[in-house]
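Chemist: missing the sequence, but the structure's below:
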């Protein structure tokens, strides 16, 4: 089987996109991690800031290290605010998220990155850990050539309005409904 | 800001899942690539077989090389069958997809991998490049501990029925509708 030579696409105009990945299904952070991988293959420099996450080990923590220094990764949280078993008060989650959004703006404007991933920022906004004007300010301050990716359920309509590409991940089925615990590689 | 120690989750029972990522929105292959990255971080070995793709350079091609030998990657196609501008006849696409599915089964049963990604296999089935009984045979031959991930639009109901986790990615907005060309890192 002879396959043809790979064609290299080169967009005439480079546009830094605003991408939102929202919805209640599995595959939002996962999709953002795919964008990291794909970007790395194009030689782009990526900063990943995870809002709220930082209490549980996930595969990406080790894997993103293997892509350093092209990828920088920040865990800024203490787990999901308000879910069962999370012991931290709202004020403490908010303090962490406030740090995360100021870090996001600083890294975005540093000139060091082509892609900025703000993982779970939609969720952080919904939970009032960050404010709408802070997220809109981040979007409006975006350098034209930088791709900004915002993940998390319950994306705000004002954020969607300012975005170029929005995908909603819907849950059709999920293994946990069969009583299967989260599995390595797939769920974390 | 002091963050707590990372907790390591260890599922009591390891279950090899069947995961389907379907729908018409952006983020199916991307999500599968995120599963690759996450799996790598857990020390899992991953085989990625891309059906139909193999005509256009995409970021994952270079990035997956950086994760070798833990990740093995096969491009098996000549582009999307039947779309405008694709010059290859159906029979040729089918021959490639037939190679891909036999390779998928061989790699799945080799014992060398913990995760097998069959990218665009749903689409290949819909386009009759592979047959339903071949895909069901792949699913039914799956070693219990292996995660099998099937991506592509128009997933077959019989495939969904046999899956544990199914996400549908819906398009809410897409940059191309604004006339923006595919962008590196995000779209390929």
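Modeler: Nice, I can see it. Predicted model only: the values in this text are computed from it and were never measured.
Chemist: which residues touch the residue nearest to the spatial centre of chain A?
Modeler: Taking C-alpha atoms, centre = their mean, the centroid of chain A lies closest to residue A:119, which sits 2.6 Å from it. By C-beta atoms under 8 Å, 6 or more residues apart in numbering or on different chains, the contact set of residue A:119 is A:29, A:32, A:48, A:49, A:50, A:51, A:53, A:151, A:152. Using the backbone N, CA and C atoms, a C-beta is placed for each residue, glycine as well.
Chemist: Could you measure from it over to residue B:5?
Modeler: 20 Å (C-beta to C-beta, to the nearest Å).
Chemist: Please spell out which residues along the helix of greatest length in chain A are buried.
Modeler: The longest helix of chain A (DSSP state H) is helix A:90-109. By neighbour count on 16 or more other C-beta atoms under 10 Å in any protein chain shown, the buried set for helix A:90-109 is A:93, A:94, A:96, A:97, A:98, A:99, A:100, A:101, A:104, A:107, A:108.
Chemist: Mean confidence (pLDDT) on stretch A:16-32, please.
Modeler: Stretch A:16-32 shows a mean pLDDT of 98 in the predicted model.
Chemist: Buried residues in it, which are they?
Modeler: Within stretch A:16-32, the residues scored as buried using 16+ other C-beta under 10 Å are A:16-23, A:25-32.
Chemist: Go back to those and keep what's next to chain B.
Modeler: Contacts with chain B are made by A:17, A:19-23, A:25-27, A:29-32 out of these, judged by C-beta under 8 Å from any C-beta of the partner chain.
Chemist: Can you spell out which helices and strands pack onto the longest strand seen in chain A?
Modeler: Once chain A is assigned using DSSP state E, the strand that runs over the most residues is strand A:165-173. With contacts taken as 3 or more C-beta pairs under 8 Å, 6 or more residues apart in numbering or on different chains; DSSP states H and E, strand A:165-173 sits against strand A:18-22, strand B:165-173.
Chemist: From residue A:142, how far out is the nearest residue to residue A:55 once chain neighbours are set aside?
Modeler: Residue nearest to residue A:55 in three dimensions, not counting chain neighbours: residue A:79, with 3.8 Å by C-beta to C-beta, 6 or more residues apart in numbering or on different chains. The spacing between residue A:79 and residue A:142, counted by C-beta to C-beta, is 28 Å.
Chemist: Please apply the same query to residue A:61.
Modeler: Taking C-beta to C-beta, one finds residue A:61 at 26 Å from residue A:142.
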